Each structure stands twice: as C-alpha cells, then as structure tokens.
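A.B. asks: model the following, please.
(one chain, ligands or ions: 3)
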Amino acid sequence: MTSRPLVQATPGDIAAAARRVMARCDELARVSAAPGRIERVYLSPEHARVNRLAAEWMRELGMRTWQDAAGNQVGRLGAAEKPALLLGSHLDTVLDAGRYDGIVGVLMALEVVRLLRVPTGDGWTCGLPFALEVVAFSDEEGTRFGKALLGSSAVAGSWDDAWWALQDADGVSLRQAFLEFGLDPGRIDEAARRPGEVVGYLEAHIEQGPELDRAAEPLAVVSSIASARRFQVVVEGEARHAGGTPYDMRHDALLGASEAALAVERLCSAEHHVIGTVGRFEAFPGAVNVIPGEVRFSLDLRGEFDGERDRVWLALARDLDEIMGRRGLRWSAREVHSAPAVFCAPLLQDVVAAGIRSTLPPRSEAPPVIFSRAGHDGMALGAITDVGMLFLRNPGGISHHPDEGVSTGDVAHGIRALAESVLQIAAEPR
Ligand code: GLV
Ligand code: MN
Ligand code: MN
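C.D. replies: Ligands and ions are numbered 1, 2, ... in the order given. Down below sits the predicted model:
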C-alpha cells in the first residue's frame, strides 16, 4: 500500500462526477412500475429499461457491453485476456424504494472508469494490470421471487436449479419470467465467472443505518456482510364465525402468528448483532367477520455470524412449537434464502481505508470500520473472489424508503476513495 495518493483527478473533475451520479440516480428513479414511487423488480420491463440506460452510459466510456445470462448488465474496459476487477452494485429495488440503494454504487463505478481510463488513439483502455468491469446486478433484493442475490449468484456460479420453480405474487415462475424477458434458462451457466478470471470485487453502497451519520463520518470501510436467512411461515388454524365462536373454541391463526412475531423481536434483541423482521403478514380468508384460519408471514433473519443467527432460528422454532401447541394451531416454514456471512478481504479493507484517507483531510485516527447489517451482492461473489466494500453516510440512516439519502459531497469523496482503492490494488505486487 503506498501512502501517496495515486488518483490525479482535479477536485473539479470529481465534483462533476458526483453531480452526474446524483442526476443519473434521479433519471433511474423515473424508471418505475408504479406511478409516484420507485419499484423495479427482476425481469420486469423496468429492469430492461435501466439495463439499456446503463449500457448506453458504459458505451459512452468506451466499454464493451453485454447483458449476461442472468440479466446483469456488464461493461468492460481492458484487454480480453486480462482478468478483471469487478466494480458494481445492483439496479433492482424494493417496493416504494429510495433512489440510492445499489444504484449509486453502479453509477460511482462508472465514474471511476471515467477517471481511470486512458486514450488509445481510437478508443479507451484502462491502463491497469487488469481489466475493469462494471456490473449492474439484476436482482439483489429478492423483491419479486423472495430469493435474494439471484443476479450475483449466477455470476458466482452458485445458481440452484430448484430456484426455477420459485413463483412471484402472480404465480409466474422464475423460469417463465426468464423466457418472457428474453433470457434462456438453459444458458444460465454462461453468466458464471471462474475464479481465475476475476481479481476481486469492490462495491460502494450507502450505509442503510445511522452509524456514519451519528459519528459525523462520510465514509467507512466495511468489515463483513451479515449472514441472512429468509423463511415463509404458514400458521394454520380454523376459520369460523367471528360472533358465534366462543373463545374456548377458537384456533385463531392471526393471534398465534402475532405471538410469533413478538417472539422474533424478543429472541433477536437478546442476542448481540442478530436482527429479525416480519415484513409481510397476510391473514386468510381476510374477512372482517371471520376468524383468520391461516396466516402467512415472511421472516428475515440476519446476524454478524452464521452460528448466532442459526441459534436464534432454533430457539424460535421451539417457541413456535409452544405457541402453536397452546393455541391448537399448526405451523410450517419454508426456507427461501440463505447466505453465510461474508468477511471482506483484509487486503481490500486496507485499500478501501487508503482510499478513504486519500480523500479526507489528514487525521490521526483510521477511518471507521463497520459491519453491514444489510445484504449486498458481495455475499454471493465472496464464493469466487475477494470482496471489498466502501460505505457512504446516509443522512438519518433511512433506507428501503423514499427518504433514503446521500449528499453530493459524500458521493464525491466516495468516488475518489473508490478510484484510489482501484489504483492501490493495481500498485500491489501480484
Ligand atoms: C438488501 O438490501 C437487504 O439487506 O435485504
Ligand atoms: Mn436494499
Ligand atoms: Mn443494496
């Protein structure tokens, strides 16, 4: 690691890059399935539109572009035979999303390419010992099919054929959605990268909590990404007349499921760094005068370490047995997503720290290092390559919500830090 900053760009170049990122975040926010809010899910017409826009911006930089077999949009600069350093994040969103989660990381990566590319006479190259690729991942959130990280799992070569049968809320299977989008499920393996083709993966992302804002710090090094499991839980009871059924004859699935949701909060808050959320909760038949006979709810469970997360799930399963047994209900759970915690590579943590140091006024303490409670594409890519992440301050710490934010000034610092990280990797003996 050199202590001398390597990025030559002027403050004016960086400020212009940050303004372009913010303007493009606004432009992408207008590509939505729902008027007045942001909604862009995997394999939707909006997914196709943002891929087309990203591809145009990549080509403007002189990159070769393609949409891979999982619908990820990729741009590459550099000789075909070189391994690539991957930079990126995702362009899909949750429902009623903010405009920066994922998106800002893709757009910052494009600005890093703009800062580091060198003219060749008839085009551009990146002039580094590796090629640079920007990957706009297609499905990080799992909004449509429940399973997160579909785009990056394909790139990591860890696609599971069982996923083809996953269905969206309208009963459309993942396989059918691929075909309707114009992708061939039989070619999914072509999206996979082999470890030798990839130097590493670097991602900039807004923090999705308040730590940096509270510490008045614009940027942080990410140490690891939380492990995650997601379940669809079904509680079955008996739908009966709301007026005619006395309490001692009721088997109310909603009350059992409500107790279950409270148990999630109780068990998770008793553990260090485990957090659980019941985000979707539906009662059937859903009539005002019928006792709910069935409830389906989602459970999202995360932990800094896989073992703690799994311990909470086992304790919860015991509590559910007790709650449902006491109320004469039955319950079952289907696991729809599981990803182990991923630790950012020590070398990439060091280069990101060097990147942050290069852009902020000199100071004695090292930049903050934080663990990500949110999931990221690096969780899948960790299976094939080293992962490094840079977090940007999010004023108020709000995310997965329209009020999600980041400042142009912090994006400018982030772009310089990310570009510097790339040059620091290039300067390392290989
Ligand atoms: C994605 O943002 C997640 O953490 O669920
Ligand atoms: Mn998200
Ligand atoms: Mn994200």
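
A.B. asks: and His337, that one's in a strand?
C.D. replies: Yes - assessed by DSSP: H, G, I helix; E, B strand; the rest coil, His337 belongs to a strand.

A.B. asks: which SS class is Gln424?
C.D. replies: helix.

A.B. asks: where's the closest residue in space to it that isn't next to it in sequence relative to ligand 1, distance?
C.D. replies: Setting aside the residues directly before and after it, Gln424 is nearest to Val351 in space (CB to CB, 6 or more residues apart in numbering), at 4.1 Å. C-beta: built from backbone N, CA, C; applies to glycine. Separation of Val351 from ligand 1 (CB to the nearest ligand atom, to the nearest Å) stands at 24 Å.

A.B. asks: just confirm Val351 contacts Ala427, I think it does.
C.D. replies: No - look at Val351 against Ala427 with CB atoms under 8 Å: they stay out of range, at 9.2 Å.

A.B. asks: and the residue nearest to Gln424, what does it touch?
C.D. replies: Each residue near Val351 by CB atoms under 8 Å, 6 or more residues apart in numbering is listed here: Met1, Gly388, Ser421, Gln424, Ile425, Glu428.

A.B. asks: repeat the analysis, applying 6 Å as the threshold.
C.D. replies: If a contact means CB atoms under 6 Å, 6 or more residues apart in numbering, then Val351 has Ser421, Gln424, Ile425 as its contacts.

A.B. asks: and Cys344, by the same measure?
C.D. replies: With contacts defined as CB under 6 Å, 6+ apart, Cys344 is in contact with Val222, Ser223, Val387, Gly388, Met389.

A.B. asks: helix/strand/coil for the last one?
C.D. replies: This points to Met389. strand.

A.B. asks: what helix or strand does Glu203 sit in?
C.D. replies: strand 198-206 (DSSP states H and E).

A.B. asks: partners of that strand, with directions?
C.D. replies: strand 84-90 (parallel), strand 387-392 (parallel) (DSSP bridges).

A.B. asks: and the last one, C-alpha only, in PDB?
C.D. replies: In this case it means strand 387-392. Extracted in PDB, the C-alpha atoms of strand 387-392 (Å, rounded to 0.1, in the frame of the first residue of the first chain):
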ATOM      1  CA  VAL A 387     -14.700  -8.700  -1.700                       C
ATOM      2  CA  GLY A 388     -14.200  -5.100  -0.500                       C
ATOM      3  CA  MET A 389     -16.800  -2.500   0.300                       C
ATOM      4  CA  LEU A 390     -17.000   1.200   1.000                       C
ATOM      5  CA  PHE A 391     -20.000   2.700   2.800                       C
ATOM      6  CA  LEU A 392     -21.200   6.200   2.300                       C
END
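
A.B. asks: ok, and for that strand, which residues are buried?
C.D. replies: Of the residues in strand 387-392, Val387, Gly388, Met389, Leu390, Phe391, Leu392 count as buried by neighbour count, 16 or more other CB atoms under 10 Å.

A.B. asks: swap in stretch 283-294?
C.D. replies: Ala283, Phe284, Ile291, Pro292, Gly293, Glu294.

A.B. asks: okay, the strands paired with strand 198-206 in CSV with distance to ligand 1 next?
C.D. replies: Formatted as CSV, these follow (distance: least, CB to the nearest ligand atom, whole Å):
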stretch, distance to ligand 1
strand 84-90, 9
strand 387-392, 13
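
A.B. asks: including distance to Arg266 and mean pLDDT, could those strands go into CSV?
C.D. replies: Shown next, in CSV, are the strands paired with strand 198-206 (distance: least, CB to CB, whole Å; pLDDT from 0 to 100):
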stretch, distance to Arg266, mean pLDDT
strand 84-90, 33, 98
strand 387-392, 30, 98
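
A.B. asks: nearest to Val235, out of those?
C.D. replies: Closest of the strands paired with strand 198-206 to Val235 is strand 84-90, at 32.4 Å (criterion: CB to CB).

A.B. asks: what about the closest one and ligand 3, touching?
C.D. replies: No - under the criterion of CB under 5 Å from the ion, ligand 3 is not reached by strand 84-90; the shortest gap measures 5.8 Å.

A.B. asks: which helices and strands sit right next to the next helix or strand after that strand?
C.D. replies: Counting by DSSP H and E, the next helix or strand C-terminal to strand 84-90 is helix 103-116. When contacts are defined as 3 or more CB pairs under 6 Å, 6 or more residues apart in numbering; DSSP states H and E, helix 103-116 packs onto helix 11-29, strand 84-90, strand 131-137, strand 198-206, helix 408-427.

A.B. asks: show residues contacting the helix or strand just after the fourth one.
C.D. replies: Past strand 198-206, further along toward the C-terminus, the next helix or strand under DSSP H and E is helix 211-215. When contacts are taken as CB under 6 Å, 6+ apart, the neighbours of helix 211-215 outside the stretch itself are Ala220, Ile370, Arg393, Pro395, Gly397.
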